[in-house]
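Q: quick check, what structure comes out for this input:
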Amino acid sequence: MNMLGVMALQTNQPARAVELIRAAILIDPQNPLAYINIGSAYSQLNQHEAAIGSFDSAIALKSEFDAVALFNRGNGFHKLKRYQDAVASYDQAIALNAGCDAELHYSRGVALKELRQYRAAIASFDSAISLGTGFAAEAHYCRGIAQLEIKQYQDAVASLDQAIALKPQDASAELWNYHGVALAELNQCDAAIASFDRGLALSPEDARLHNNRGVAFSKIARHEEAVASFDKAIEMTPGQADAHRNRGVSLLALKRYEAAIASFDNAMALNAALPGLHGIRLDAKTQICDWKDLQTERAQLGDKLRGGQAASPPFTFLALSGSAQQQRAAAEIWGQAICPLNPALPSLPIRSPGGKIRVGYFSADFNDHPVMHLAAGMLEKHDRAQFELTAFSFGPESQDLMKPRLMAAFDRFIDVRGHSDQEVALLARKLKIDIAVDLTGFTHNCRPGILALRAAPLQVSYLGYPGTMGVEYMDYLIADRTLIPEASQRHYAEKIIYLPHSYQVNDSTRCIADTEISRQDLQLPPSGFVFCCFNNNFKINPETFDVWMRILKRVDGSVLWLLCENPSAIGNLRREAERRGVNHERLVFAGRVRMAEHLARHRVADLVLDTLPYNAHTTASDALWAGVPVLTCIGEAFASRVAASLLKAMDVPELVTSTWTEYEDLAIELAHDSQRLRQLRQRLAKGRISAPLFNTSLSTRHIEAAYRMIFERYQAQLRPEHIDVPSGG
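A: Here you go, the predicted structure:
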């Protein structure tokens with residue numbers, strides 16, 4: 001009867017098999033094979049509890065078939081998603097039969113993968129591969145997925161390549177999707193897109209493939225193609241929240257702000273807990289000065305952060321909250337969620353003293369970018385007898401005039417765009433970089449994952465990101481005593497390097513066009529006081545705008561000159577002015593021009609008005625370099641105190657106010673006191689030559705002194721600590 005039952009099983013008649021084998025067991029209840037066979041029949045019927053009971057009966061008889069019964073019992077547990085029990089059964093089977101087949105190890109690996117015990121799963125897949133080719137392709141495939149989960153992207157690609165090579169005819173859309181994801185994580189985005197295309201050829205309606213293809217396009221700034229891919233993903237699966245969010249991110253990069261907001265709204269409706277979504281949506285709104293419900297939405301964002309949710313990228317949050325404590329919390333939450341310390345590489349040995357200090361500058365912005373307008377002169381003036389400089393560039397390709405200048409400023413300029421974080425960190429280690437200086441932080445195109453792997457024994461945040469990164473792998477933050485008073489150190493995860501004047505280095509070779517520019521050329525009225533603010537629009541908020549409009553009301557004939565080209569932002573600002581009782585024609589909007597011309601046109605302005613909580617940074621230096629006074633209101637956090645730092649370094653501290661009332665009153669006083677304003681301009685003109693702010697050589701010596709000081713501490717095996725760089729450099 002048992003043999004008849006087996007024949008029924010082989011002919012896909014599991015119900016008949018159960019009937020026949022039951023009869024066999026009644027005749028011979030001590031036959032372990034009968035219990036194994038009826039268990040297999042129950043499995044075919046998806047009656048897995050009954051199957052497990054039958055395999056248990058076989059095991060209870062303690063026969064030579066126990067390993068088989070245990071393996072099958074493990075499979076039963078697996079079908080019931082009782083993965084821990086499945087692994088226990090597989091382990092017992094392996095213990096009984098050391099030479100067991102590949103399928104057992106493969107099945108064990110799959111169960112461990114489901115338990116997210118990825119390293120143990122990989123070991124099982126390795127055993128399956130070593131035991132023969134029967135399950136090698138499948139084991140390589142699942143091994144690749146497990147490696148992808150633990151961010152072993154290079155290994156994941158190699159495993160998936162093996163799976164494809166062994167059974168090319170079985171390469172599924174899902175396999176190509178994983179293959180593409182791993183390549184994209186390695187920043188091999190062209191190859192990733194090719195993999196997603198292979199998957200889509202097999203499954204053209206797979207929303208995941210379209211979405212991931214869009215992400216790869218987005219990473220290489222091909223945003224129009226990214227949007228098209230996200231559109232396809234949404235067409236296939238309208239409820240895919242991350243596709244709506246990703247579409248919004250690409251639209252934001254394309255400056256199609258209203259469309260981006262609509263995408264973010266869709267994503268919020270589907271899954272408001274997506275990382276960064278709330279903050280990115282607010283960023284899109286503030287880019288066009290859409291302040292509807294802004295106060296409520298800022299409060300909601302604060303609530304999410306207090307709840308530990310990674311609701312906003314830290315950079316976006318700088319303009320939404322002036323609280324140094326909240327900014328640190330936002331950075332810590334984001335850093336832990338997105339780029340925590342990565343222990344994949346071994347600890348770095350202490351470098352013995354002697355030779356040049358090797359400094360690696362890491363940036364996405366080695367091009368015509370505000371950070372490089374400041375840093376180019378410093379990079380050129382570094383003392384090459386004491387320092388060896390390497391650039392690690394991971395920003396998009398650019399053909400501007402700044403790029404060749406920057407390339408010439410380094411001993412070594414390396415484009416690492418197509419390399420993974422681990423590859424870049426290993427390269428930095430191979431080059432024996434002593435100090436890694438991150439000029440990007442959490443800004444656009446950032447790569448904090450490189451530093452999370454410890455690219456160098458000392459890691460410093462400087463210039464590009466005005467705040468704490470909140471992560472344990474950044475040792476120092478370069479600042480000054482105005483930016484971070486001693487009482488505020490607790491709001492910064494890094495130890496502070498205090499430069500003696502201002503943290504901000506400047507390039508004293510920047511050219512100001514000598515072209516004569518008239519008010520008429522700039523669409524400014526022929527007379528009347530010109531208040532100016534060339535900050536990015538996202539820094540303008542209702543509180544700042546309220547003060548500005550009160551100032552315009554109190555200074556007859558005055559205008560406010562803003563840098564803005566987006567029609568929606570212009571329309572919104574005009575409407576906001578009218579709501580506050582100011583004729584919208586008193587707002588004049590400037591477009592973007594070449595830097596030399598931009599600096600020159602500043603001279604037509606009478607007074608620059610700063611924003612809060614995100615001050616003018618490079619834009620304040622632009623104005624001061626052009627000789628135009630900047631009025632600021634100092635806040636609590638780093639980004640709120642930069643203009644104050646610059647003004648003190650230019651020896652015009654009287655332009656720093658501490659309340660909106662002081663700010664408003666001083667703006668009006670200056671507008672009505674032409675002699676005082678003229679004296680300020682004269683002092684600024686002298687300051688271009690004598691003040692520390694624009695002394696590039698002095699600032700460079702101070703930064704080099706800082707590098708020497710922290711390197712000496714490191715060689716003495718002392719932990720990072722706050723340090724003051726002496727004013728003599």
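
Q: sec struct for R116, please.
A: Here R116 is recorded as coil under DSSP: H, G, I helix; E, B strand; the rest coil.

Q: correct me if wrong: it contacts E149.
A: Yes. With contacts counted by CB atoms under 8 Å, R116 reaches E149, the gap being 7.3 Å. Where you see a C-beta, it was placed from the backbone N, CA and C, and this is true even at glycine.

Q: between those two, which is the more surrounded one?
A: E149 (15 against 12; other CB atoms under 10 Å).

Q: which residues of the stretch 401-550 of the chain fall in strands?
A: All strands of the stretch 401-550 of the chain, identified by DSSP state E, counting those that start in this stretch, fall at 412-415, 435-438, 458-461, 476-480, 495-499, 530-533.

Q: can you lay out those strands as JSON lines showing distance to D293, mean pLDDT and mean neighbour count?
A: Written out in JSON lines, the entries for the strands of the stretch 401-550 of the chain read as follows (distance: least, CB to CB, whole Å; pLDDT from 0 to 100; neighbours: other CB atoms under 10 Å):
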{"stretch": "strand 412-415", "distance to D293": "43", "mean pLDDT": "97", "mean neighbour count": "15"}
{"stretch": "strand 435-438", "distance to D293": "35", "mean pLDDT": "98", "mean neighbour count": "26"}
{"stretch": "strand 458-461", "distance to D293": "33", "mean pLDDT": "98", "mean neighbour count": "26"}
{"stretch": "strand 476-480", "distance to D293": "34", "mean pLDDT": "98", "mean neighbour count": "25"}
{"stretch": "strand 495-499", "distance to D293": "37", "mean pLDDT": "98", "mean neighbour count": "23"}
{"stretch": "strand 530-533", "distance to D293": "24", "mean pLDDT": "98", "mean neighbour count": "24"}
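
Q: list the contacts of the nearest residue to L477 once chain neighbours are set aside.
A: Nearest non-adjacent residue to L477, counting by CB to CB, 6 or more residues apart in numbering: E494, 3.9 Å away. When contacts are counted by CB atoms under 8 Å, 6 or more residues apart in numbering, E494 is found next to 461, 468-469, 474-477, 720.

Q: between those, which is nearest K553?
A: Closest approach to K553 among the contacts of E494 (CB to CB): T468, at 38.5 Å.

Q: how about the closest one, phi and psi?
A: When read as degrees, to the nearest 10, the backbone of T468 gives phi -80, psi 140.

Q: what does the pLDDT read for it?
A: Here the pLDDT value assigned to T468 is 98.

Q: now A23
A: pLDDT at A23 comes out at 63.

Q: now do K62
A: pLDDT at K62 comes out at 85.

Q: against I551, how distant is it?
A: Distance of K62 to I551, given as CB to CB, to the nearest Å: 92 Å.

Q: the two: which is more packed in?
A: I551 (24 against 9).

Q: please identify the helix or strand for the more buried one.
A: helix 542-554 (DSSP states H and E).

Q: can you give me the buried ones in that helix?
A: For helix 542-554, burial by neighbour count (16 or more other CB atoms under 10 Å) applies to 544-545, 547-552.

Q: which residues in the stretch 201-350 of the chain form helices?
A: 207-219, 223-236, 241-253, 257-270, 277-287, 294-306, 314-318, 324-338 (DSSP state H, counting those that start in this stretch).

Q: list the contacts of the helix or strand that the last one is followed by.
A: Right, helix 324-338. The helix or strand immediately downstream of helix 324-338 is strand 357-363, counting by DSSP H and E. With CB under 8 Å, 6+ apart as the contact definition, strand 357-363 has outside contacts at 371, 379, 382, 386-395, 410, 428, 431-440, 447, 450-451, 455-456, 464, 707-708, 711.

Q: any idea how far L458 is from H105?
A: Distance from L458 to H105, by CB to CB: 44 Å.

Q: oh sorry, the question was meant for P346
A: Distance from P346 to H105, by CB to CB: 29 Å.

Q: next one: M709
A: 55 Å.

Q: over to A123?
A: Here A123 is placed at a distance of 9 Å from H105 (CB to CB).

Q: between the two, who's got more neighbours?
A: H105 (23 against 17).

Q: elements contacting the helix or strand hosting that one?
A: For H105, the host element (DSSP H and E) is helix 102-114. Contact analysis of helix 102-114 by 3 or more CB pairs under 8 Å, 6 or more residues apart in numbering; DSSP states H and E lists helix 66-79, helix 83-96, helix 118-130, helix 136-149 as its packing neighbours.
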